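Trainee: no FASTA, just this:
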């Protein structure tokens, strides 16, 4: 397995983070390190992250955003830091571990075995998979997925799952070079950027030779999500931004 850094954005996660769970994972997977990014939390999150870094020297790193800039900004800061540290693979993972950490090596192995730039976790609720989320979130997800597929001109099932891994490559460095214009839908913007950067390297490349989806065995919605129904307008605004900038270029 290639040396990998998982970036974990955190905002007021003091009560939800499970340090022992991360410690056990690191102990089992010596090729995977973690970069936690505190996105300007107002609670004791950063102090907790610092303790985790002190207890796991060289394996856990704690970064802090000077103010709350949103998940997109926190992820980008952590990814750029991982590129600078020279990790061969990087990725990001939601702090609530709705996607269990044990699945991270599966995505990394998938990335290593395929000649693509990114592997994305995909919450496909089919027989034999444990995908647990409310019906309302499921149907909203399908509406979003349909709009995302239209914008990207690709049949993509799940752009928003918070489990993605990618290479430290020229393509991905280009995709992360500039701040994201969106926050709630930055995953979609990242996918668009990656496809475009991949086609700069190899003109005419089909999207599936650049990015693939990896159906997850398990995903369980964790109480305390910061995504609320009231954020719908902001999500639609972000979708419109991505459409205007990328739809005609992909």
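Mentor: Thanks, I have the structure now. Here the structure is a predicted model, which means the values were calculated and not measured.
Trainee: domains in this structure, by residue range?
Mentor: Using automatic domain parsing, the domain parsing of the chain gives 1-95, 98-250.
Trainee: now do the first one: distance from first to last residue.
Mentor: Between the opening and closing residues of domain 1-95 there is a gap of 23 Å (C-alpha to C-alpha, to the nearest Å).
Trainee: could you shift the numbering so residue one becomes 8, and keep it that way?
Mentor: That works, and once the first residue is 8, the last one we named lands at domain 8-102.
Trainee: that one: how far from the chain's middle?
Mentor: Offset of domain 8-102 from its chain centre (C-alpha atoms, centre = their mean, to the nearest Å): 12 Å.
Trainee: circling back: comparing the domains of the chain by mean pLDDT, which bottoms out?
Mentor: Looking at the domains of the chain, the lowest mean pLDDT belongs to domain 105-257 (a mean of 92).
Trainee: contacting residues around residue 257?
Mentor: 159-161, 199, 202-203, 214 (C-beta atoms under 8 Å, 6 or more residues apart in numbering). Bear in mind the C-beta positions are built from the backbone N, C-alpha and C, glycine included.
Trainee: just the buried residues out of those residues, in ChimeraX syntax.
Mentor: Entered in ChimeraX, the line below selects the buried ones among those, by 16 or more other C-beta atoms under 10 Å:
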select :159,161,199,202,203,214
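Trainee: TSV for the contacts of residue 257, including secondary structure and distance to residue 42?
Mentor: Compiled in TSV, those are given as follows (DSSP: H, G, I helix; E, B strand; the rest coil; distance: C-beta to C-beta, whole Å):
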residue	secondary structure	distance to residue 42
159	helix	28
160	coil	33
161	coil	29
199	helix	24
202	helix	25
203	helix	26
214	helix	28
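Trainee: show me which of the contacts of residue 257 is closest to residue 22.
Mentor: Residue 22 has its nearest neighbour among these in residue 199, at 34.8 Å by C-beta to C-beta.
Trainee: can you name the residues that contact the closest residue to that closest one other than its chain neighbours?
Mentor: Nearest non-adjacent residue to residue 199, counting by C-beta to C-beta, 6 or more residues apart in numbering: residue 253, 4.0 Å away. By C-beta under 8 Å, 6+ apart, residue 253 lies in contact with 158-159, 196, 199-200, 203.
Trainee: re earlier: quick check: which of the domains of the chain is buried the most?
Mentor: Of all the domains of the chain, domain 8-102 carries the top mean neighbour count, a mean of 18, counting by mean count of other C-beta atoms under 10 Å.
Trainee: for residue 16, give me phi and psi.
Mentor: Torsion angles at residue 16 (phi, psi; degrees, to the nearest 10) stand at phi -70, psi 140.
Trainee: residues touching it, list them.
Mentor: Residue 16 neighbours (C-beta under 8 Å, 6+ apart): 44, 46, 78, 81-82, 85, 99, 101-102.
Trainee: excluding residues flanking it in the chain, which one is nearest it?
Mentor: Excluding the flanking residues, the one nearest residue 16 by C-beta to C-beta, 6+ apart is residue 81, at 3.8 Å.
Trainee: hmm, residue 71 and the one you found touching each other?
Mentor: No: proximity of residue 81 to residue 71 does not meet the contact threshold set by C-beta atoms under 8 Å, at 9.7 Å.
Trainee: overlap in contacts of those two?
Mentor: Counting by C-beta under 8 Å, 6+ apart, the contacts common to residue 81 and residue 71 are 44-45.
Trainee: related to what we said a few turns ago, contacts for whichever strand or helix holds the residue nearest to residue 16, please.
Mentor: In the assignment (DSSP states H and E), residue 81 maps to helix 78-92. For helix 78-92, the surrounding residues in contact (C-beta under 8 Å, 6+ apart) are 12, 14-18, 42-46, 68, 70, 72, 97, 99, 175, 179-180, 183, 186-187, 189-190, 193, 196.
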